[in-house]
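# sequence and predicted structure are below.
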Amino acid sequence: MIIILYKDLPSIFQTQLTDFIGKRSVERYGMSVPRDYRIARKKFRWISIHPVWGKHVKKNNSTPPKSQKRIPEFINWLPKRRGHYIYRFPRVKIPRFEDHGIYSISKMEWDMHRYLKGLDGFLENLFEFNDLSYFQDLQGTLEDEGVSFKNMFIEDVIAYELLRINLGFKNYKGIEKMSKFIRCPPLDAVTHDYEFFPNASDLSHVLTRIPATALFEFFQLLVKECVVYGIIVPKILIWDGQFVKSNCNNNKKKGNIKYNDPDAGYCRHNGIKKGVGYDPGILHAHCFNRWSLVIRVF
């Protein structure tokens, strides 16, 4: 509940979504109190303000500000249209509950995703809104080739692997240790086997038998789906690089032309000696607050 108290104007009593889900909190601001007025104006831009007489004249700065070079400065390209926002991405279309969520989650959960700031969603939503039948077909193909998964579903193991990463566990033992403190499996709502709770050996056994090419193919399918639904609009790219140190000596052996890692090279950036390694060029397709990441090594 947000309460805005005025002396001369009608006060505002605005309920929030949290008031209906058991997390009631009250924010009270008196507009006659300078401190409350300043805080409320910063948090809620829709509050009416008192008129300010006069106007501030901006000073003209003859010295142009320093800025990073842009991609058009390196290529022979000039924009045909003029305007500050003409070459920016449009905002991603707002999804509707009737189109995507009516058969997956409740209306209250959808509203929490839509209106609660800071809520990034629940781990179960990854499996409620994504079709993972790709891994069913993959498991059938691998088992026909003689690969054994010990009667475990690849989808269930991947679900727990994502849970492990989300919780910040550094290795497979983290999930196994967690099973000693809770009785019921935390992902029983999304796994095929409601009682499935893998240990470190189960996670390692299944994940090491999934080809890396198959995981990358699934990633490409997700990117394609995002492009189709307009979540990713791959038009404007941002290019950046990051040095990765190679596990070899920074000095060449006497008489050798190449380093111990023949594919690596020596990197020096802005006068700083980075050593021998690789410099991946990372291309980001910028779409408002969503990103599609492609890494290429030069």
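Good, I have the coordinates.
# in the stretch 151-298 of the chain, what residue spans correspond to helices?
154-167, 173-178, 200-207, 212-228 (DSSP state H, counting those that start in this stretch).
# adding distance to residue 106 and mean pLDDT, write those helices out as JSON lines.
Where C-beta positions appear, they are placed from N, C-alpha and C, glycine not excepted. Output for those, formatted as JSON lines (distance: least, Cβ to Cβ, whole Å; pLDDT from 0 to 100):
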{"stretch": "helix 154-167", "distance to residue 106": "21", "mean pLDDT": "90"}
{"stretch": "helix 173-178", "distance to residue 106": "27", "mean pLDDT": "88"}
{"stretch": "helix 200-207", "distance to residue 106": "31", "mean pLDDT": "93"}
{"stretch": "helix 212-228", "distance to residue 106": "24", "mean pLDDT": "88"}
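# so which of these is nearest residue 29?
Between residue 29 and the helices of the stretch 151-298 of the chain, the tightest spacing by Cβ to Cβ is seen for helix 154-167, at 36.3 Å.
# tell me the buried residues in the closest one?
Using 16 or more other Cβ atoms under 10 Å as the test for burial, helix 154-167 gives 154, 155, 156, 157, 158, 159, 160, 161, 163, 164.
# could the helices of the stretch 151-298 of the chain go into a markdown table alongside distance to residue 254?
Shown next, in a markdown table, are the helices of the stretch 151-298 of the chain (distance: least, Cβ to Cβ, whole Å):
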| stretch | distance to residue 254 |
| --- | --- |
| helix 154-167 | 45 |
| helix 173-178 | 45 |
| helix 200-207 | 43 |
| helix 212-228 | 38 |
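# nearest to residue 189, out of these?
Per Cβ to Cβ, nearest to residue 189 of the helices of the stretch 151-298 of the chain: helix 154-167, 10.2 Å.
# which elements pack onto that closest one?
Applying 3 or more Cβ pairs under 8 Å, 6 or more residues apart in numbering; DSSP states H and E, we find helix 154-167 packed against helix 125-128, helix 133-144, helix 173-178, helix 200-207.
# between that helix and helix 212-228, how big is the angle?
Going by axes from the mean of the first three to the mean of the last three Cα atoms, to 10 degrees, helix 154-167 is angled at 80 degrees with respect to helix 212-228.
# may I have helix 154-167 exported as CSV, CA atoms only?
Once non-C-alpha atoms are left out, helix 154-167 reads as follows in CSV (Å, rounded to 0.1, in the frame of the first residue of the first chain):
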residue,chain,number,x,y,z
ILE,A,154,18.0,-36.4,-19.6
GLU,A,155,15.4,-33.7,-19.0
ASP,A,156,15.3,-34.4,-15.2
VAL,A,157,19.1,-34.3,-14.9
ILE,A,158,19.3,-31.0,-16.8
ALA,A,159,16.7,-29.5,-14.5
TYR,A,160,18.8,-30.3,-11.5
GLU,A,161,22.0,-29.1,-13.2
LEU,A,162,20.2,-25.7,-13.8
LEU,A,163,19.2,-25.7,-10.2
ARG,A,164,22.8,-26.4,-9.1
ILE,A,165,24.1,-23.4,-11.2
ASN,A,166,21.3,-21.2,-9.9
LEU,A,167,22.1,-22.0,-6.3
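# starting at the chain centroid, how far to that helix?
Taking Cα atoms, centre = their mean, to the nearest Å, one finds helix 154-167 lying 17 Å from the centre of the chain it belongs to.
# next one: stretch 215-223
With Cα atoms, centre = their mean, you get 16 Å for stretch 215-223.
# with just CA atoms, put it into CSV.
The C-alpha trace of stretch 215-223 is given here as CSV (Å, rounded to 0.1, in the frame of the first residue of the first chain):
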residue,chain,number,x,y,z
LEU,A,215,23.6,-28.9,-26.5
PHE,A,216,24.7,-26.2,-28.9
GLU,A,217,22.0,-27.3,-31.4
PHE,A,218,19.4,-26.9,-28.7
PHE,A,219,20.8,-23.4,-27.9
GLN,A,220,20.4,-22.5,-31.6
LEU,A,221,16.8,-23.7,-31.5
LEU,A,222,16.1,-21.4,-28.5
VAL,A,223,17.7,-18.4,-30.3
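# before we move on, the earlier item: want to throw the buried residues of helix 154-167 into CSV with distance to residue 225?
Output for the buried residues of helix 154-167, formatted as CSV (distance: Cβ to Cβ, whole Å):
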residue, distance to residue 225
154, 19
155, 17
156, 22
157, 22
158, 17
159, 19
160, 23
161, 21
163, 23
164, 25
